[in-house]
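Asks: Sequence plus the predicted model coming up.
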Amino acid sequence: MKAEMWSDRRGGRRIQLSDRLSTVLLWVIVIFWFLPAFWVILTSVRNRVEIDSHPPVWIPRGLNFDSYKIIFGMPTPEGAFGLGGSIPVMQYARNSIIVALISTAFAIVIGTLAGYAFSRFSFRGKQGLFLSFMLGRAIPGIALSLPLFVLFARIKLTDTLPGLILVYVALTVPFTSWLMDSFFRAIPEELDDAARIDGCSHWGAFWRVALPLALPGAAASAIFAFLTCWNEFALASTITRTPKSRTFPPALFEFTGQFVSDWRGMTAMAVLMLIPAVVFVAIIQRQLMEGLTSGAMKG
């Protein structure tokens, strides 16, 4: 009896030690993962002399928000030094938000319907079509830049928001379709059969039964689709030419001149880019975590 109690205590201590080590390892990974973003935030509020100093200044001696003031055209004690004063930040923010939200909405609608069709119906060429979706997604965006530019130039979609939205929908639909297919496969088909026995059509079974159960997957797909559209650089820098359609990622290069680069202004705009993405993720954080947990359990 005593031996069993001693064994249980040793087992409990091992579990506690393992949990503590896992927690420490998790915090190390989180800190390492967020260190670049933290460094960008610090650089945006550093004094200008600290940015290029050697050795680097790890902790700023003081906070300076002049880079944000310059971006928004506000007067600063340093004057108008910096490239951000002439950059239409609000126009870029508007373009990014419109393109990302509309592209994500179309990607979720199309990907959800495609995922349900792939998971529930059998038709000729199903496997080949699904495989072509995945192979198309494997092509890097930089390889598509020149063909898309030539094609869009002929149909007059270059330097337009609809053209960029069309590209991003095509870019994100394969992934959302694959992800939603896995979530719909985790839902028993017997639920759809029961709904049809009760008088529902295929569309009714999808809308009333399958879709509500797959909403966590749709939320997870929306997060990945939005972040893909929000951070994409290669295609946006090729298709967009002027501020009327340019988004945040290619706009960052406007802080680089022929002889000087405004690193503090660039990092300030990068921080502004983080805010909508963080807000979007926070809004549906619960659905995202449920979706990822369901996907992990399925795997």
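Replies: Everything's here; your move.

Asks: OK, contacts around the residue nearest the centre of the chain?
Replies: Closest to where the C-alpha atoms of the chain average out (Cα atoms, centre = their mean) is residue 227, at 1.6 Å. Residue 227 is in contact with 277, 281, counting by Cβ atoms under 8 Å, 6 or more residues apart in numbering. For glycine as for every other residue, the C-beta is placed from the backbone atoms N, C-alpha and C.

Asks: buried stuff in the strand or helix carrying it?
Replies: Per DSSP states H and E, residue 227 falls inside helix 215-231. For helix 215-231, the neighbour count (16 or more other Cβ atoms under 10 Å) marks 216-230 as buried.

Asks: what does stretch 157-166 give?
Replies: The neighbour-count check on stretch 157-166 (16+ other Cβ under 10 Å) flags 157-159, 161, 163-166 as buried.

Asks: ok, so of these, who is nearest residue 117?
Replies: residue 166 (21.7 Å; Cβ to Cβ).

Asks: pLDDT averaged over the helix or strand harbouring residue 147 - what is it?
Replies: Remark: residue 147 resides in helix 141-154, with elements defined by DSSP H and E. Averaging pLDDT along helix 141-154 gives 85.

Asks: how big is the angle separating that helix from helix 215-231?
Replies: Relative orientation of helix 141-154 versus helix 215-231 (axes from the mean of the first three to the mean of the last three Cα atoms, to 10 degrees): 70 degrees.

Asks: Map the structural domains onto the sequence of this protein.
Replies: Using automatic domain parsing, the domain parsing of the chain gives 2-71, 88-298.

Asks: Packed most tightly, which of these would that be?
Replies: With neighbours defined as mean count of other Cβ atoms under 10 Å, these peak in mean count at domain 88-298, which reaches a mean of 17.

Asks: ok, back up a step: helices or strands next to the helix holding residue 147 in the packing?
Replies: Counting by 3 or more Cβ pairs under 8 Å, 6 or more residues apart in numbering; DSSP states H and E, the packing neighbours recorded for helix 141-154 are helix 161-185, helix 234-239.
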